[in-house]
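K.L.:
Show me how the following folds:
(2 chains)
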Amino acid sequence: MCITNPACCTVFGTITDRTMRVSYTNIWYYCLWLKDFRLHFPRATSFAAHAYKRLTGHLVTTLISRNRGDLLLLEQWEDSPSYHTKMSAEPVRVLVTGAAGQIAYSLLFGIAKGDVFGKDQPITLILLDITPMLPVLDGVVMELQDCALPLLREVIPTDKEEVAFKDLDAAILVGSMPRREGMERKDLLKANVAIFKSQGAALEKYAKKTVKVLVVGNPANTNCLIAAKSAPSIPKENFSCLTRLDHNRARSQVAMRCGVPATQVKNVIIWGNHSSTQYPDVHHCKVNMAGSDLACFDAVKDDDWLKGAFISTVQQRGAAVIAARKLSSAMSAAKAICDHMRDIWSGTPQGEFVSMGVYSSSNSYGVAEDLIYSFPVHIKDKQWKIVDGLAINDFSRGKMDATAAELVEERDTAVTFLSA
Amino acid sequence: LINIAADPIRVLVTGAAGQIAYSLLYSIAKGDVFGKDQPIILVLLDIPPMLPVLDGVVMELQDCALPLLREVIPTDKVELGFKDLDAAILVGSMPRKEGMERKDLLKANVAIFKTQGAALEKYAKKSVRVLVVGNPANTNCLIASKSAPSIPKENFSCLTRLDHNRARSQVAMRCGVPADAVKNVIIWGNHSSTQYPDVHHAMVNVHGKEVEAYSAVKDDSWLKGDFISTVQLRGAAVIKARKLSSAMSAAKAICDHMRDWWFGTLDGEFMSMGVYAGGNSYGIPEDLIYSFPVHIKNKSWNIHDGLPINDFSRAKMDATAAELVEERDTALSFLSQ
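P.N.:
As a prediction, this is how the structure comes out:
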């Protein structure tokens, strides 16, 4: 395409993904975007502003280069058709509990920025915490406003379940009862059963039936199961718990060992409970080194490490961060939450699977039913599917069973409190 | 596809074990500031007692599994911290303690920023871009710049983008539009309670039309009264509510400032930055770091000239300049000791 005199020509067109169909003097041309315009004009949400003449229902732009395929800058006006489908999209209603706390503080910005639900998806953010934390929550709301984020339509701070859980599309349940000095495991479980029974019932009563629920607050797997059981008319598949942090930690340990970026390590698996019995399994993991995919055991060349210190490092990483920071891992937890939720929303790439704590019934790995257990999953159209058919050797079998046994015990204790 | 052959840039964050850095580092490492194809070597500087905490931060950055993060270097040594830098974000400063006079605070910070300016002079690239966040930001920035004489004064700036974003957001909420529909607010002067948030030249996009802020808001007394004090005192309001200062929104403003410096501002838009006032056309005393409206292109800023300044604005611009002159003179007396 060749357009002479770029300084004074105006073109009309509509964007379809990465090609742009433009009309110049009534002749239609196709131009390919060679570069990501957002890299050069990062403050634009969907479209960069370089327009000079407004015409109803059309995109207007000034061509900045006469060469075919070069960057075109566009401004889309509010009443043009594409604008309406994108920027006037219904906001999703997203709840974060424990919203005045440390993990939420690292998380909310990523959500409000568009990193989770998409850069064109407006959001209504609902923040739930206990009554004494409401003043702190007000401070968080002020800061979110001060971030000047275009996708954040509304922020609703509250301590009331009937407000928090209303019409939700997504719920991230970060808040839970923390372990206190002298608290027995049984007491911790009892306190959390009460919380997640109530929140499950609130989901049942107020949220959309399509709501996707991610439980983070520990003990995450059992809290998730209790919530699911307390929301019987919401499909159990809509509930999951976070093991993505362990998954990311496992990737990163292998990556550092191999001297590659963490994104070149794929298909690690976290089996079981988000606790010290979790099993980080790299038997099916691939490491991309020097252009080719190697099996992890071949890339690392240290079976002892992979079956020993690697596993304990990942299992105990949380404690290591607390020992160093004197606070638990908020930054990396928030990143893992964003990864987990974003993959639910937009799916996993071909050939890659991720780890999620999901409902274990009808699984093909011989794991006990009626648990929330972390499996390798693919995700498409907001539905997850366990990756079946992976070979399980005796070493893995032993570890998968051990973590299942812990979950069965936790569940049975929790369920006694549920019926109490 | 990431261009893995691209040379990484070296970025320093001081006060790296602290609250603001904790909200900031992830965005830098993710590519939100320097571009999603730009690998980064992140250098984290803090004082020796904070090194264990810094180790925890390094662990977390590793656990985030971010492809652009080539290397993370935690240190308490300036010769390592400032080596070959492309960008430096100086967040760390001496905080005000109970019973501390303003003079004491200034004296302590002059010592820090004199050392860091000298380290930039000695170890960093001459092309380094320096953003000073630690308060008193404007004066700390001036001291650093004076201590690095062979680095152009234009390479130093201080953060007033947080106040700028707060001003945008207040106007946006008043008009019922998203914050990015408000353009060309200005923060003049000192990042302190004498700052002047000025919307005489701001535009609000209402239903696709660009409207002057005063016409869009239709409440002159708010714009000349409560709006200004709300923005000036917002920091204190957040501290009062959270019991901690504003890390999330400060980190966002730092990312905005640095990213605009790296990639430029859009035509017709300007942003607020604390920059060297030498040669300015607004009658502000020279030899200050003063917040002005700027355009940025090719990593260089230019003050947006020619804006008409009415008496109301003039008085406020002069008041904040006077405070900066006083801060500077006190600081310089410590510098020469």
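K.L.:
Report how many residues lie close to A:Arg397.
P.N.:
By other C-beta atoms under 10 Å in any protein chain shown, 12 other residues sit near A:Arg397. The way it works is simple: take the backbone N, C-alpha and C, and place the C-beta from them, glycine included.
K.L.:
The helix or strand hosting it - contacts with which helices or strands?
P.N.:
Following DSSP states H and E, one finds A:Arg397 within helix A:394-419. On a contact count with 3 or more C-beta pairs under 8 Å, 6 or more residues apart in numbering or on different chains; DSSP states H and E, helix A:394-419 meets helix A:185-206, helix A:220-229, strand A:269-271, strand A:279-281, strand A:372-380.
K.L.:
any idea of the angle the longest one forms with helix A:220-229?
P.N.:
By that I understand helix A:185-206. Going by axes from the mean of the first three to the mean of the last three C-alpha atoms, to 10 degrees, helix A:185-206 is angled at 40 degrees with respect to helix A:220-229.
K.L.:
Report the next helix or strand after helix A:185-206 in sequence order.
P.N.:
Trace forward from helix A:185-206 with DSSP H and E and the next one is strand A:212-215.
K.L.:
And the nearest residue to A:Met177 once chain neighbours are set aside, how close does it get to A:Pro219?
P.N.:
Excluding its sequence neighbours, the residue lying closest to A:Met177 (C-beta to C-beta, 6 or more residues apart in numbering or on different chains) is A:Ala191, at 4.0 Å. With the distance defined as C-beta to C-beta, to the nearest Å, A:Ala191 ends up 11 Å from A:Pro219.
K.L.:
of these two, who's got more company?
P.N.:
Ranked by neighbour count (other C-beta under 10 Å), A:Ala191 and A:Pro219 place A:Pro219 first, with 26 against 16.
K.L.:
That one reaches A:Leu189, doesn't it?
P.N.:
Yes. Taking C-beta atoms under 8 Å as the definition, A:Pro219 is a contact partner of A:Leu189 at 6.9 Å.
K.L.:
Now the common contact residues for these two.
P.N.:
Common contact partners of A:Pro219 and A:Leu189 (C-beta atoms under 8 Å, 6 or more residues apart in numbering or on different chains): A:Glu410.
K.L.:
give me phi/psi at the nearest residue in space to A:Gly114 that is not next to it in sequence?
P.N.:
Using C-beta to C-beta, 6+ apart and skipping the chain neighbours, the partner closest in space to A:Gly114 is A:Leu151 (5.0 Å). Dihedral angles of A:Leu151 (phi, psi; degrees, to the nearest 10) stand at phi -80, psi -10.
K.L.:
any idea how far A:Leu151 is from B:Ile41?
P.N.:
Taking C-beta to C-beta as the measure, A:Leu151 falls 31 Å from B:Ile41.
K.L.:
repeat for A:Asn192
P.N.:
For A:Asn192 relative to B:Ile41 (C-beta to C-beta), the value is 42 Å.
K.L.:
Could you give the number of residues near the residue in the stretch 101-250 of chain A that chain B sits nearest to?
P.N.:
Residue nearest to chain B within the stretch 101-250 of chain A: A:Gly139 (3.0 Å; C-beta to the nearest C-beta). Close neighbours of A:Gly139, defined as other C-beta under 10 Å, add up to 23.
K.L.:
can you pull the contacts of it?
P.N.:
Counted by C-beta under 8 Å, 6+ apart, A:Gly139 has contacts B:Ala237, B:Val238, B:Ile239, B:Lys240, B:Ala241, B:Arg242, B:Lys243.
K.L.:
is it true that it lies in a strand?
P.N.:
No. Assessed by DSSP: H, G, I helix; E, B strand; the rest coil, A:Gly139 does not belong to a strand; its assignment is helix.
K.L.:
And the pLDDT at it?
P.N.:
As predicted, A:Gly139 sits at a pLDDT of 96.
K.L.:
ranges for the helices of chain A?
P.N.:
A:37-40, A:81-86, A:102-113, A:134-146, A:161-164, A:185-206, A:220-229, A:244-258, A:296-300, A:303-307, A:309-325, A:330-346, A:394-419 (DSSP state H).
K.L.:
what does the average pLDDT come to for the second one?
P.N.:
It refers to helix A:81-86. pLDDT averaged over helix A:81-86 gives 39.
K.L.:
residues near the residue lying closest to A:Phe395 once chain neighbours are set aside, how many?
P.N.:
Using C-beta to C-beta, 6+ apart and skipping residues adjacent in sequence, the residue nearest A:Phe395 is A:Lys307, 6.5 Å away. By other C-beta under 10 Å, 15 other residues sit near A:Lys307.
K.L.:
same check, this time on A:Leu128
P.N.:
By the measure other C-beta under 10 Å, the count of residues near A:Leu128 is 28.
K.L.:
Same question for the one 4 residues further on.
P.N.:
By the other C-beta under 10 Å criterion, the neighbourhood of A:Pro132 contains 9 residues.
K.L.:
neighbours around A:Met133, how many?
P.N.:
When neighbours are counted by other C-beta under 10 Å, A:Met133 registers 19.
K.L.:
Output the below-cut-off pLDDT ranges for the stretch 1-150 of chain A.
P.N.:
Counting by pLDDT under 70, the stretch 1-150 of chain A has low-confidence residues at A:1-88.
K.L.:
circling back: can you tell me which of the helices of chain A the model trusts least?
P.N.:
helix A:37-40 (a mean of 36).
K.L.:
Noted, bye for now.
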